[in-house]
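Q: Take a look and give me a structure for this.
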Amino acid sequence: MAPEEITAHMMAKDQFSKWLGIEVLEVKKGYCRLTATVRGEMLNGFGIAHGGFTYSVADSALAFSSNSQGRKSVSIETSISHIISLKENDTIIAEAVCETETEKLGHYKIKIVLLNNPEKVVALFKGIVYKTTKIWD
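A: Numbers count the residues shown, from 1 in each chain. Sure thing, here's the model as predicted:
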């Protein structure tokens, strides 16, 4: 399967990414770029986006980019650094890139920026995935 087909197949069954309003902009082997917009129900008690929003968007970018390599992959370790807060109607771009990989593991970095100001880094996410022996076909 081509990376776009894998992502479309995953997205068709991914109710959470759909609820987040994720739109995949580009996907290729080991890479994914997607976007999402903060909605009112995603705000925390401070009136800013809940940290789980950016974390979840980055996690979806990790899933799509790692699986685009052709083997079914699952995250085994992730972390995020929140740099600036988001408010309602802010739109972000998450870009996931495979930094290194071995036969069984893939190391990814995901950078999240504001759509209307790409120099503003919102969050930095790191993820390690385990690459199973199952092939997308």
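
Q: tell me, which strand in this protein spans the most residues?
A: Ranked by number of residues, the top strand in the chain under DSSP state E is strand 117-135.

Q: Direction included, what does that strand pair against?
A: Using DSSP bridges, the strands paired with strand 117-135 are strand 71-82 (antiparallel), strand 105-114 (antiparallel).

Q: From residue 74, how far off is the residue most central in space within the chain?
A: Nearest residue to the geometric centre of the chain (C-alpha atoms, centre = their mean): residue 61, 2.0 Å. Shown here: residue 61 relative to residue 74, a distance of 15 Å by C-beta to C-beta, to the nearest Å. The C-beta positions use only the backbone N, C-alpha and C, and glycine is treated the same way.

Q: packing partners for the biggest helix by length in the chain?
A: If you go by DSSP state H, the chain has its longest helix at helix 51-67. For helix 51-67, the packing partners by 3 or more C-beta pairs under 8 Å, 6 or more residues apart in numbering; DSSP states H and E come out as helix 3-13, helix 15-20, strand 23-28, strand 31-37, strand 71-82, strand 91-101, strand 105-114, strand 117-135.
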